[in-house]
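Asks: Compute the structure for the input listed below.
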Amino acid sequence: MCLGTFRFSHLVYQKLLIILIGDRFTDLKAPYVAFIMMGAGMIFGIAEATDIPEAPHMLDVLTAGTLVDDIYIGSDTTPTISVMLSEPDGEVMLYSDPQCLTPLSAPAAVNDAITPYQVEVKTHQLAEGPHTIHARHTKSLQSECSAASVMYHVIPPMAATYRVTFTGAFTTDALAPGVGVPGGAHFTTLVGGIHNSGITFWERGGIASAGTEQMAETGRTGDMRAEVAAAMPDATTVLVQGIPSGGTPSGVFEVMITGEHASVTLASMVAPSPDWFVGTSGLPLLESDGTWSHYKNVHLYPYDAGTENGEEFSLSNEATIPHRPITSLRDSGKFAGEPIATILFERLSLVSNLGQTGSGALFVGHSPDAAAQGFRTGAADGGYRLQSVTAMFGDSAGVPGDLEVSIMTTDGNMPGMVLGTLEGANPHAAGLHTFTHKDGIHLEANTNYYVVFDVPEYVPASAYRLLFTDSDMVDSGTTPGWSIADELLGDIHDTHKDGSWKISVHGVITE
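Replies: Next up is the predicted model:
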């Protein structure tokens, strides 16, 4: 074949290459392809292959309840995934494997991106449990499956109530050597919201919003309250809580958290100051295994909002133009390395004795015998809906069989009929372990029930260690009328018969 001495454009060369080699190089993934030498003295140039897009390089779950240790967690079973791309056009699909063979979504057009080169893709229905999600950006011929992936753990729908305690520590201990506490030192009204992973109201390294600027400079809350309200449905609740005056106040309030919105943002001005504040940004109240945090004490250090100049405890300073990123003032300027406040989150329960002094642990599952703990409900007219039970365990011995946790009625002084079985991982490691019922179990008012721990297929010389207490008390925050029986049931020596398994029963009053 002779092409003569015609000057071909690069476009013609590229078309000719496709005609000549057809599908023989369809696996080619380099950004450039060399043209073929055709005829004496004729060397074709190099053309860029523009129809092979780069793989997506960042994925985030926008509708997870929260983010914990790089794992998104929430009860949204069709979450929205944000995919960042290097170029426009084409389509994006989600997959459950690194080869992008098993799709998790329908195609989403890149032209519909909410911002340049960013696409939001909704998944198909996901089962409960962990999922690794990949993405592929497809254009005309082929594409790369993303090496980047995102982890999302689907949990059952659930809710928890927390007592929140803010405690100020605006004292010389929190200040640099030689710096005194200013006159009129105080914290302003706490403001923020309960939200999911798809929204951020302030963060270290970010630029302060109008609401954060107003809060940090003046202590007023109107703009931030409006920002939280405008973020709904990514946010569910606007939080506003007054704080007593002085540098060491204590303020207490309660919040309701759900699996779909399990992040808490709060902020309070450190006053007087140019634009200094304390707070939490997207604090997760779920653990990495998908269970609720029971006790989370957060040390608060001061931040500079980057919106107003000044290095003294003073108001009415010049604006910072342009605004600078939010930075930590820990061990900087007026402040030492100690916290200037703390904020404590304590999960409230229908009844709990987890906070009582422990007396030891006993084996469960080394024989066919089960262990049971009685409890009594309160007097709410509509009864209650039990959502989960948390128990305290020591390290297991050997490799025991699967633990089964059930709620049962009473039959005389013994467990009777099974009302429901709770789900949760086997408690091999020491600590708190939570067992959850997806739909909740209805409990009548003023009625005795049992939580039963059983290992149906026991393994000799292997057992779980369930902790108990000899205390007859229940923890503060227990719902009125609820109690835990002062008797252990199971294969237990008489010495410990009058103890109680360490448990916490969680749920809600039925309206």
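
Asks: part of a helix, is residue 211?
Replies: Yes - using DSSP: H, G, I helix; E, B strand; the rest coil, the assignment for residue 211 is a helix.

Asks: Now do the same contact list for it.
Replies: 191, 201, 223, 224, 225, 226, 227 (CB atoms under 8 Å, 6 or more residues apart in numbering). (Glycine included, C-beta is placed from N, CA and C.)

Asks: any idea how far it lies from residue 203?
Replies: Using CB to CB, to the nearest Å, we find residue 211 at a distance of 13 Å from residue 203.

Asks: Could you do residue 292 as well?
Replies: Distance of residue 292 to residue 203, computed by CB to CB: 24 Å.

Asks: more neighbours, the two?
Replies: Between residue 292 and residue 203, residue 292 has the larger neighbour count (other CB atoms under 10 Å), namely 26 against 15.

Asks: List the residues that contact that one.
Replies: 158, 160, 257, 285, 286, 347, 388, 434, 506.

Asks: Return the member of the residues you listed nearest to residue 296.
Replies: Nearest to residue 296 out of the contacts of residue 292 is residue 285 (CB to CB; 6.9 Å).

Asks: For the closest one, give me its contacts.
Replies: By CB under 8 Å, 6+ apart, residue 285 lies in contact with 66, 160, 162, 257, 262, 263, 264, 292, 293, 296, 345.

Asks: Which among those count as buried?
Replies: 66, 160, 162, 257, 262, 263, 264, 292, 293, 296, 345 (16 or more other CB atoms under 10 Å).

Asks: The helix or strand containing the fourth one: how far from the chain's middle?
Replies: I take that to be residue 257. Assigned by DSSP states H and E, residue 257 belongs to strand 250-258. Put simply, strand 250-258 sits 18 Å off its chain's centre (CA atoms, centre = their mean, to the nearest Å).

Asks: And for stretch 90-108?
Replies: Worked out by CA atoms, centre = their mean, stretch 90-108 lies 25 Å from the chain centre.

Asks: in that stretch, what counts as buried?
Replies: Neighbour-count burial for stretch 90-108 [16+ other CB under 10 Å]: 90, 91, 92, 93, 94, 95, 96, 100, 104, 105, 108.

Asks: go on, stretch 255-271?
Replies: Those would be 255, 257-271, for stretch 255-271 by 16+ other CB under 10 Å.

Asks: Distance across it, terminal residue to terminal residue?
Replies: 26 Å (CA to CA, to the nearest Å).

Asks: Find the centremost residue of this structure, please.
Replies: Nearest to the mean C-alpha position of the chain, counting by CA atoms, centre = their mean, stands residue 66 at 2.7 Å.

Asks: Now do that residue against residue 282, distance only.
Replies: Distance from residue 66 to residue 282, by CB to CB: 7 Å.

Asks: same deal with residue 323?
Replies: In this view, residue 323 and residue 282 are 21 Å apart by CB to CB.

Asks: Please identify which of the two sits among more neighbours.
Replies: More neighbours surround residue 282 than the other of residue 323 and residue 282, with 18 against 15 (other CB under 10 Å).

Asks: Name every strand pairing with the helix or strand where that one lies and say which way it goes.
Replies: Using DSSP H and E, the element containing residue 282 is strand 276-284. Here strand 276-284 has these sheet partners by DSSP bridges: strand 263-271 (antiparallel), strand 303-304 (antiparallel).

Asks: a markdown table for those strands, including mean pLDDT?
Replies: Shown next, in a markdown table, are the strands paired with strand 276-284 (pLDDT from 0 to 100):
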| stretch | mean pLDDT |
| --- | --- |
| strand 263-271 | 98 |
| strand 303-304 | 98 |
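
Asks: The spatially closest residue to residue 96 that is not a sequence neighbour and residue 134: what is the separation?
Replies: Leaving out its chain neighbours, the residue that sits closest to residue 96 by CB to CB, 6 or more residues apart in numbering is residue 102, at 4.7 Å. Distance of residue 102 to residue 134, given as CB to CB: 10 Å.

Asks: what residues are shared contacts of the two?
Replies: 95, 96.

Asks: Let me see the ranges of the helices in the stretch 1-150 of the chain.
Replies: Under the criterion DSSP state H, counting those that start in this stretch, the stretch 1-150 of the chain contains helices at 10-21.

Asks: any idea whether residue 193 is helix, strand or coil?
Replies: Secondary structure assignment for residue 193 (three-state DSSP): strand.

Asks: same check, this time on residue 198
Replies: Here residue 198 is coil, with the state taken from three-state DSSP.

Asks: Is residue 81 in contact with residue 59, as I believe?
Replies: Yes - Residue 81 lies in contact with residue 59 (CB atoms under 8 Å); the separation is 5.8 Å.

Asks: Can you pull the residues that touch both of these two?
Replies: What both residue 81 and residue 59 touch, as defined by CB under 8 Å, 6+ apart, is the set 133, 135, 150.

Asks: quick one: which of those is most hemmed in?
Replies: residue 135 (31 neighbours).

Asks: Please name the nearest non-neighbouring residue to that one.
Replies: Nearest residue to residue 135 in three dimensions, chain neighbours excluded: residue 56, at 4.3 Å (CB to CB, 6+ apart).

Asks: thinking again about what came up before, for residue 81 and residue 59, indicate the residue with more neighbours.
Replies: More crowded of residue 81 and residue 59, by other CB under 10 Å: residue 81, with 26 against 21.

Asks: check contacts around that one.
Replies: So residue 81 contacts 59-62, 94, 105, 120-123, 133, 135, 150 (CB under 8 Å, 6+ apart).

Asks: switch the cut-off to 7 Å
Replies: By CB atoms under 7 Å, 6 or more residues apart in numbering, the contact list for residue 81 reads 59, 61, 94, 121, 123, 133, 150.

Asks: and the gap between the last one and residue 81?
Replies: To tie it back to what came earlier, the one meant is residue 150. For residue 150, the distance to residue 81 - CB to CB - is 7 Å.

Asks: Need the residues touching each of these two.
Replies: Residues touching both residue 150 and residue 81 (CB under 7 Å, 6+ apart) are 59, 61, 133.

Asks: and which of those is nearest residue 375?
Replies: residue 61 (37.0 Å).

Asks: hey, what's the closest one bridged with?
Replies: With DSSP bridges as the rule, residue 61 is bridged to residue 81.

Asks: right, and it touches residue 153 too?
Replies: No - Residue 61 lies out of contact with residue 153 (CB atoms under 7 Å); the separation is 9.9 Å.

Asks: higher neighbour count, the two?
Replies: Just comparing residue 61 and residue 153: by other CB under 10 Å the higher neighbour count belongs to residue 61, 26 against 22.

Asks: between the strand holding residue 257 and strand 263-271, how big is the angle?
Replies: 160 degrees (axes from the mean of the first three to the mean of the last three CA atoms, to 10 degrees).

Asks: which helices and strands does strand 250-258 pack with?
Replies: For strand 250-258, the elements it packs on are strand 159-168, strand 235-241, judged by 3 or more CB pairs under 7 Å, 6 or more residues apart in numbering; DSSP states H and E.

Asks: The helix or strand just after the longest one pairs with which strands, parallel or anti?
Replies: Okay, so that is strand 159-168. Where DSSP H and E defines the elements, the next helix or strand beyond strand 159-168 is strand 186-187. Neighbouring strands of strand 186-187 in its sheet, by DSSP bridges, are strand 263-271 (antiparallel).

Asks: Perfect, I'm done here.
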